[in-house]
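K.L.:
got a sequence here, can you model it:
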Amino acid sequence: MIRSRNMMLASLALAIFSVPLAAHADQGRGYPKQFRGEQSVAAPVAVPNRVSVMQRGSGNGAGVLQTGSGNTAGILQFGQGNTGVITQEGSGNTACLIQTGRNLNGSIQQVGDNQSDGLLQNRWGTAGVPVQLCSADTTLRDLRAYAAPNPRADVRTRTRPMAQRQ
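P.N.:
Predicted structure coming up:
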(Lines give C-alpha, C1' and ligand atoms only; values in the text may rest on other atoms or scores of the structure.)
Protein backbone atom coordinates (compact mmCIF):
# COMPACT_ATOMS: atom_id res chain seq x y z
CA MET A 1 0.00 0.00 0.00
CA ILE A 2 2.73 2.44 1.00
CA ARG A 3 4.91 1.35 -1.91
CA SER A 4 2.14 1.96 -4.47
CA ARG A 5 1.40 5.40 -2.99
CA ASN A 6 5.09 6.29 -3.04
CA MET A 7 5.36 5.13 -6.65
CA MET A 8 2.34 7.25 -7.62
CA LEU A 9 3.80 10.34 -5.91
CA ALA A 10 7.23 9.71 -7.47
CA SER A 11 5.73 9.40 -10.95
CA LEU A 12 3.70 12.58 -10.41
CA ALA A 13 6.84 14.45 -9.31
CA LEU A 14 8.70 13.13 -12.35
CA ALA A 15 5.88 14.30 -14.63
CA ILE A 16 5.89 17.75 -13.03
CA PHE A 17 9.64 18.23 -13.37
CA SER A 18 9.83 16.85 -16.91
CA VAL A 19 7.48 19.48 -18.35
CA PRO A 20 9.62 21.59 -20.70
CA LEU A 21 9.78 25.24 -19.78
CA ALA A 22 10.89 27.88 -22.28
CA ALA A 23 12.53 31.20 -21.47
CA HIS A 24 11.66 34.18 -23.61
CA ALA A 25 13.80 37.28 -24.03
CA ASP A 26 12.03 40.64 -24.14
CA GLN A 27 13.39 42.38 -27.22
CA GLY A 28 11.08 45.36 -27.06
CA ARG A 29 11.26 46.41 -23.38
CA GLY A 30 7.72 45.17 -22.83
CA TYR A 31 6.13 47.08 -25.72
CA PRO A 32 4.48 45.27 -28.63
CA LYS A 33 6.17 45.65 -32.02
CA GLN A 34 4.52 47.97 -34.48
CA PHE A 35 4.78 47.62 -38.21
CA ARG A 36 4.05 50.34 -40.73
CA GLY A 37 0.35 50.34 -41.56
CA GLU A 38 -0.59 47.79 -38.84
CA GLN A 39 -2.06 48.26 -35.41
CA SER A 40 -0.27 46.85 -32.44
CA VAL A 41 -2.02 44.17 -30.45
CA ALA A 42 -0.84 43.35 -26.96
CA ALA A 43 -0.24 39.69 -26.26
CA PRO A 44 -2.72 38.20 -23.77
CA VAL A 45 -1.39 38.05 -20.25
CA ALA A 46 -1.31 34.55 -18.79
CA VAL A 47 -3.13 34.28 -15.47
CA PRO A 48 -1.06 32.32 -12.94
CA ASN A 49 -2.17 28.96 -11.58
CA ARG A 50 -2.81 28.57 -7.84
CA VAL A 51 -2.43 25.56 -5.56
CA SER A 52 -3.18 25.12 -1.86
CA VAL A 53 -2.59 21.99 0.20
CA MET A 54 -3.49 21.59 3.88
CA GLN A 55 -2.82 18.35 5.73
CA ARG A 56 -3.69 17.43 9.31
CA GLY A 57 -2.58 13.99 10.35
CA SER A 58 0.31 11.80 9.27
CA GLY A 59 1.39 9.89 6.19
CA ASN A 60 -0.74 11.92 3.76
CA GLY A 61 0.39 12.59 0.19
CA ALA A 62 -0.85 15.25 -2.24
CA GLY A 63 0.07 16.15 -5.81
CA VAL A 64 -1.16 18.72 -8.33
CA LEU A 65 -0.28 18.94 -12.03
CA GLN A 66 -1.51 21.99 -13.93
CA THR A 67 -1.02 22.90 -17.59
CA GLY A 68 -2.65 26.03 -18.92
CA SER A 69 -3.42 29.21 -17.03
CA GLY A 70 -5.85 30.50 -14.44
CA ASN A 71 -6.35 27.10 -12.78
CA THR A 72 -6.99 26.78 -9.05
CA ALA A 73 -6.56 23.53 -7.12
CA GLY A 74 -6.95 22.79 -3.42
CA ILE A 75 -6.46 19.61 -1.40
CA LEU A 76 -7.47 19.28 2.26
CA GLN A 77 -6.58 16.08 4.10
CA PHE A 78 -7.69 15.20 7.62
CA GLY A 79 -6.51 11.80 8.87
CA GLN A 80 -3.78 9.32 8.07
CA GLY A 81 -2.45 7.60 4.96
CA ASN A 82 -4.56 9.56 2.45
CA THR A 83 -3.42 10.19 -1.13
CA GLY A 84 -4.94 12.88 -3.32
CA VAL A 85 -4.07 14.02 -6.85
CA ILE A 86 -5.53 16.81 -9.01
CA THR A 87 -4.68 17.08 -12.73
CA GLN A 88 -5.82 20.13 -14.69
CA GLU A 89 -5.26 20.59 -18.44
CA GLY A 90 -6.78 23.78 -19.79
CA SER A 91 -7.61 27.22 -18.45
CA GLY A 92 -9.92 28.62 -15.80
CA ASN A 93 -10.52 25.31 -14.01
CA THR A 94 -11.23 25.04 -10.28
CA ALA A 95 -10.93 21.82 -8.23
CA CYS A 96 -11.26 21.01 -4.54
CA LEU A 97 -10.50 17.55 -3.07
CA ILE A 98 -11.19 16.96 0.63
CA GLN A 99 -10.40 13.68 2.39
CA THR A 100 -11.46 12.87 5.96
CA GLY A 101 -10.47 9.50 7.35
CA ARG A 102 -7.76 6.92 6.83
CA ASN A 103 -6.18 5.29 3.77
CA LEU A 104 -8.31 7.09 1.18
CA ASN A 105 -7.20 7.48 -2.45
CA GLY A 106 -8.87 10.17 -4.52
CA SER A 107 -8.26 12.13 -7.68
CA ILE A 108 -9.84 14.81 -9.84
CA GLN A 109 -8.95 15.14 -13.52
CA GLN A 110 -10.09 18.13 -15.56
CA VAL A 111 -9.44 18.37 -19.31
CA GLY A 112 -10.83 21.47 -20.97
CA ASP A 113 -11.66 24.98 -19.87
CA ASN A 114 -13.78 26.58 -17.13
CA GLN A 115 -14.68 23.44 -15.17
CA SER A 116 -15.48 23.39 -11.46
CA ASP A 117 -15.40 20.21 -9.33
CA GLY A 118 -15.53 19.78 -5.55
CA LEU A 119 -15.33 16.37 -3.90
CA LEU A 120 -15.47 15.28 -0.26
CA GLN A 121 -14.36 11.71 0.44
CA ASN A 122 -14.74 9.77 3.68
CA ARG A 123 -14.91 6.06 4.49
CA TRP A 124 -18.66 5.92 3.80
CA GLY A 125 -18.58 7.46 0.34
CA THR A 126 -18.17 10.67 -1.59
CA ALA A 127 -20.20 13.84 -1.90
CA GLY A 128 -20.07 16.92 -4.08
CA VAL A 129 -19.06 20.11 -2.28
CA PRO A 130 -18.62 23.77 -3.25
CA VAL A 131 -15.08 24.47 -4.44
CA GLN A 132 -14.91 27.44 -2.06
CA LEU A 133 -14.38 25.04 0.86
CA CYS A 134 -10.74 24.57 -0.17
CA SER A 135 -9.99 28.28 -0.13
CA ALA A 136 -11.71 28.95 3.21
CA ASP A 137 -10.41 28.15 6.67
CA THR A 138 -12.33 24.87 6.78
CA THR A 139 -12.48 22.58 9.83
CA LEU A 140 -13.83 19.05 10.27
CA ARG A 141 -16.89 20.51 11.99
CA ASP A 142 -17.63 22.60 8.86
CA LEU A 143 -17.50 19.47 6.68
CA ARG A 144 -20.08 17.43 8.61
CA ALA A 145 -22.94 19.05 6.72
CA TYR A 146 -21.53 17.80 3.39
CA ALA A 147 -20.13 14.38 4.31
CA ALA A 148 -21.75 11.07 3.41
CA PRO A 149 -23.40 9.80 6.60
CA ASN A 150 -22.35 6.74 8.53
CA PRO A 151 -24.89 4.08 7.50
CA ARG A 152 -24.76 2.53 10.98
CA ALA A 153 -24.97 5.78 13.00
CA ASP A 154 -28.64 5.28 13.96
CA VAL A 155 -28.34 1.62 14.91
CA ARG A 156 -27.85 1.08 18.62
CA THR A 157 -27.35 -2.43 19.83
CA ARG A 158 -27.88 -3.40 23.41
CA THR A 159 -26.95 -6.73 24.73
CA ARG A 160 -27.74 -8.39 27.97
CA PRO A 161 -25.53 -10.96 29.61
CA MET A 162 -26.46 -14.56 28.81
CA ALA A 163 -27.72 -15.12 32.36
CA GLN A 164 -30.39 -12.44 31.97
CA ARG A 165 -31.73 -13.69 28.62
CA GLN A 166 -34.88 -15.77 28.82
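K.L.:
check which element follows the lowest-mean-pLDDT helix or strand in the chain along the chain.
P.N.:
Least confident helix or strand, the chain: helix 2-17 with a mean of 59, by mean pLDDT, DSSP states H and E. Next helix or strand after helix 2-17 toward the C-terminus (DSSP states H and E): strand 50-58.
K.L.:
that next one pairs with which strands?
P.N.:
strand 72-80 (parallel) (DSSP bridges).
K.L.:
distance of Ser135 from Ser69?
P.N.:
The gap separating Ser135 from Ser69 is 18 Å, by C-beta to C-beta, to the nearest Å. For glycine as for every other residue, the C-beta is placed from the backbone atoms N, C-alpha and C.
K.L.:
next one: Phe78
P.N.:
To Ser69, Phe78 is 30 Å away according to C-beta to C-beta.
K.L.:
for these two, indicate the residue with more neighbours.
P.N.:
Neighbour totals were compared for Phe78 and Ser69, and Phe78 leads with 20 against 14 (other C-beta atoms under 10 Å).
K.L.:
Three-state assignment for the nearest residue to the more buried one once chain neighbours are set aside, please.
P.N.:
Spatial nearest neighbour of Phe78, excluding adjacent residues (C-beta to C-beta, 6 or more residues apart in numbering): Thr100 at 4.6 Å. On the three-state scheme (DSSP: H, G, I helix; E, B strand; the rest coil), Thr100 is labelled strand.
K.L.:
give me the contacts around whatever helix or strand Leu120 lives in.
P.N.:
In this structure, Leu120 sits in strand 116-122 according to DSSP H and E. The contact list for strand 116-122 (C-beta atoms under 8 Å, 6 or more residues apart in numbering) reads 93-101, 104, 106, 108, 110, 126-131, 133-134, 143, 146-148.
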